[in-house]
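In: Requesting a structural model of the entry that follows:
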Amino acid sequence: MRPLLGTEEREAAARFLLAQGWAGLHLGDSLVRWEDGPNAPRPPLLGLVGGAGEVRALAFAPPGRLQLLVPLAADREAAMELLERRKADLERVVGLEGQLASRVLDDFERFESEITVAACLRPPSRPLPVARRARPGDEVDVHRIYSHVSWMKMDTPGAWEERMAREPTWVVEVDGRLVGVARWSRRYGRVVEVGGVATAPEARRRGAATAGVLAATAAAFAAGLTPVLCFGDEGLAPLYLGLGFERVGRRVMFRRPSPPGPSL
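Out: All right, here's what the predicted structure looks like:
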């Protein structure tokens, strides 16, 4: 795999990602965020290019990370060679199950999440709380709800205000109080991820998560988008599969273990 530098090659990479549908969502979203953020104006993008100039596989390689998308089995050996060459400098490697050779990453920690896609919605028959689009001022409650979820914490409500300006967000009310959140957490082309689903501890098991997911997913369908939802906790499968999402694949992340702390 080699760097994709010219405009034509970058455009070929974008066509490749769009053609992958849900499989191209996470890598495509990562590229867009890099280009729009305070990083280098052109993200470090490597590709495997065919004889007609078509891109067959991609690797997004910012410092310490490697994100791979290699649909064809015939191309995976080249991707693994890249991984082996760069392994010593990597803290995290991400890809789809079956496209990464875990033998190369035996000393990394492995994490998995299910990828599901909704072709339709199956709302439950029971009444649900009210869900609506977030509006200015909701960031205080969103910050409060996410403060109970370690990987979604942010320092201030203002940080959530900035993020919600980029990521359409839905909130759920119970007894006049905001208790649930769901967002379009990633988007690339015509595919959008319904993510960031969270409920305040005092309101769990009252339908807030269901209402938020339904609202965000229905909005995706209304916009002509394909809704994707990922989850790592198998205990959530009955909720999401019951609403009409279907398993299509698995995302895997390999993370270098943190060194042990000093002994006392």
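In: Show me what the biggest helix by length in the chain packs onto, helices and strands only.
Out: Secondary structure of the chain read by DSSP state H shows that its longest helix is helix 208-222. Other helices and strands packing on helix 208-222, by 3 or more Cβ pairs under 8 Å, 6 or more residues apart in numbering; DSSP states H and E, are strand 130-133, strand 169-174, strand 177-188, strand 191-199, strand 226-231, helix 237-242. The way it works is simple: take the backbone N, C-alpha and C, and place the C-beta from them, glycine included.
In: roughly how far is that helix from the heart of the chain?
Out: Using Cα atoms, centre = their mean, to the nearest Å, the mean C-alpha position of helix 208-222 is found 17 Å from that of the whole chain.
In: One more: stretch 136-143?
Out: Shown here is stretch 136-143, whose average C-alpha point lies 22 Å from the average C-alpha point of the whole chain (Cα atoms, centre = their mean).
In: Pull the residues that contact it.
Out: By Cβ atoms under 8 Å, 6 or more residues apart in numbering, the list of residues contacting stretch 136-143 from outside reads 134, 154, 156-161, 164, 169, 171, 177-178, 181.
In: try 10 Å
Out: Contacts with stretch 136-143, where a contact means Cβ atoms under 10 Å, 6 or more residues apart in numbering, come from 132, 134, 152-165, 169-171, 173, 177-181, 183, 196, 198, 200.
In: Could you turn the buried ones of these into a PyMOL selection?
Out: In PyMOL, selecting the buried portion of the contacts of stretch 136-143, with burial taken from 16 or more other Cβ atoms under 10 Å, looks like this:
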select buried, resi 134+152+154+157+160+161+163+164+169+170+171+173+178+179+180+181+183+196+198+200
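In: show me where pLDDT drops low in the chain?
Out: Where the chain drops to pLDDT under 70, the residues are 38-43, 259-264.
In: residue boundaries of the strands in the chain?
Out: Remark: strands assigned in the chain by DSSP state E are 2-3, 45-49, 55-60, 65-69, 92-96, 109-118, 130-133, 169-174, 177-188, 191-199, 226-231, 245-255.
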